[in-house]
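>>> Pasting the sequence and the predicted coordinates here, then a few questions.
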Amino acid sequence: MNAICIISFTGQGCRLSGVLRAQLEKKGRSCQSYGPERFANGVEILPLPEEPRQWIKSRWGEDSFVFIGAAGIALRYIAGCIKDKYTDSAVLAMDERGQFVIPLLSGHAGGGVALAREIAACTGATPVITTATDVEGKFAVDVFAENNGLQLKDRTLAKEISAGVLEGKTIGFYSFCPVEGEPPKELTVCKTPEALGACSYGVAVTTASTDLQLPAGQKVLPLYARPLTVGIGCRKGVSCEQLYQGLLQVLALHRRKPEEIGAVASIDLKKEEPGILQLCQELGVPYHTYSAEELRRVEKKIAPSPFVEQTTGVDNVCERAAWRCAWEGRLLQPKTILEKMTFAVVEREVTVRF
């Protein structure tokens, strides 16, 4: 979960910033408050960097920004950073009395709308939501994908589908995996992928390795599930390329693809391992690390290694880390030893929820 940078400019704004930060931190959010140093007395705020636009640019796409003050100030600060709705940071504006909170940018993909509602619940502010699907209470395919951890690759078609929803066109929905909750009325649930062809648009939940026969020539948007969790153990200094090639070997045993990986896990001794960090960045997945004590508590059948236990304090890193990250999955690939690295893969059952 990304960090939230709260930026204020007046004494009143800084006081509200402190209150908001405290409330969000109680919810487990990572927050920092920034503002003029002259208002720091009695309020825990960090000084705003001397080059705030460059500072924002350096964190763009990673953190969310909440500006307490005029919306125009926020727009001027972020003007040089804006690219597209799928990679931009969530940006919100809030008045210094905490009456209103407005998501200005990346309301869906960046979580701006959800954050506005969260802030409203913390402060009593009124969230001012302007995105059409939210205003009309309609299905939004990008929100659905984000909430279910599904990968959305065709952004243009996603926009077309959102427009089609607002225009009242038929949107077919098919999922290869179980579905919980009541589908919204805008969707026509299809029992087979072929049935999507009778609709103006289609949404199909699948995986990168599933041979899903979608209707030819139809506007069907695949949303890819990422059910695999990969546990990794490695020697210090193993490169990203070595790790990636080893990972491909392991996945090939089961005819699976890197796009199906949803998370990577290891021991906290490898928390800053450059090769693993770069691998996760290139795969676009989170990296979870656990202490030896946490890994020892995994009660699964594990292939032990005395050497690994002597080195790390736990008898098996890759399997235990994969299990710890995906408790209710199944072991797709037990510990596999390659040169200077080990891999294990756990597959969880994917359920999509409305």
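Looks like it arrived, so ask away. Numbering: from 1, shown residues only.
>>> mind listing the helices for the stretch 201-350 of the chain?
240-252, 274-283, 292-296, 306-312, 318-325 (DSSP state H, counting those that start in this stretch).
>>> least reliable of these going by mean pLDDT?
Looking over the helices of the stretch 201-350 of the chain, mean pLDDT reaches its minimum on helix 306-312, with a mean of 76.
>>> contact partners of whatever helix or strand Tyr77 lives in?
Per DSSP states H and E: Tyr77 is located in helix 71-78. Helix 71-78 is contacted from outside by 7, 9, 52-53, 56, 65, 67, 89, 91, 93, 102, 104-105, using C-beta atoms under 8 Å, 6 or more residues apart in numbering. (Each C-beta comes from the backbone N, C-alpha and C, glycine too.)
>>> let's see 6 Å
Arg53, Phe67, Val91, Ala93 (C-beta atoms under 6 Å, 6 or more residues apart in numbering).
>>> ok, back up a step: quick check: which of the helices of the stretch 201-350 of the chain is nearest to Arg117?
helix 318-325 (28.6 Å; C-beta to C-beta).
>>> Now do that closest one: distance to the chain's middle.
20 Å (C-alpha atoms, centre = their mean, to the nearest Å).
>>> and it, what does it pack onto?
Here helix 318-325 touches strand 228-234, strand 261-267, strand 341-347, going by 3 or more C-beta pairs under 6 Å, 6 or more residues apart in numbering; DSSP states H and E.
>>> mind redoing it with 7 Å?
Contact here means 3 or more C-beta pairs under 7 Å, 6 or more residues apart in numbering; DSSP states H and E; on that basis helix 318-325 packs against strand 228-234, strand 261-267, strand 287-290, helix 292-296, strand 330-338, strand 341-347.
>>> quick one on the thing from earlier: point out the most buried one among the helices of the stretch 201-350 of the chain.
helix 318-325 (a mean of 27; mean count of other C-beta atoms under 10 Å).
>>> what is the orientation angle of it with strand 228-234?
If you take axes from the mean of the first three to the mean of the last three C-alpha atoms, to 10 degrees, helix 318-325 sits at 140 degrees to strand 228-234.
>>> what does helix 318-325 rub up against?
229-233, 263, 265-267, 288, 290, 294-295, 298, 300, 302-303, 314, 334-335, 342-346 (C-beta atoms under 7 Å, 6 or more residues apart in numbering).
>>> next one: stretch 192-208
141, 150, 160-161, 164, 169-177, 188, 190, 212-215, 218-225, 227, 257, 259-260, 352.
>>> ok, now stretch 29-40?
Contacts of stretch 29-40 (C-beta under 7 Å, 6+ apart): 1, 3-9, 11, 13-14, 17-18, 21, 24-25, 44-48.
>>> just stretch 105-124 next, same as before
Contacts for stretch 105-124 (C-beta under 7 Å, 6+ apart): 20, 23-24, 64, 82, 85-86, 88-92, 98, 101, 103, 125-127, 129, 131, 134, 140, 142-143, 146.
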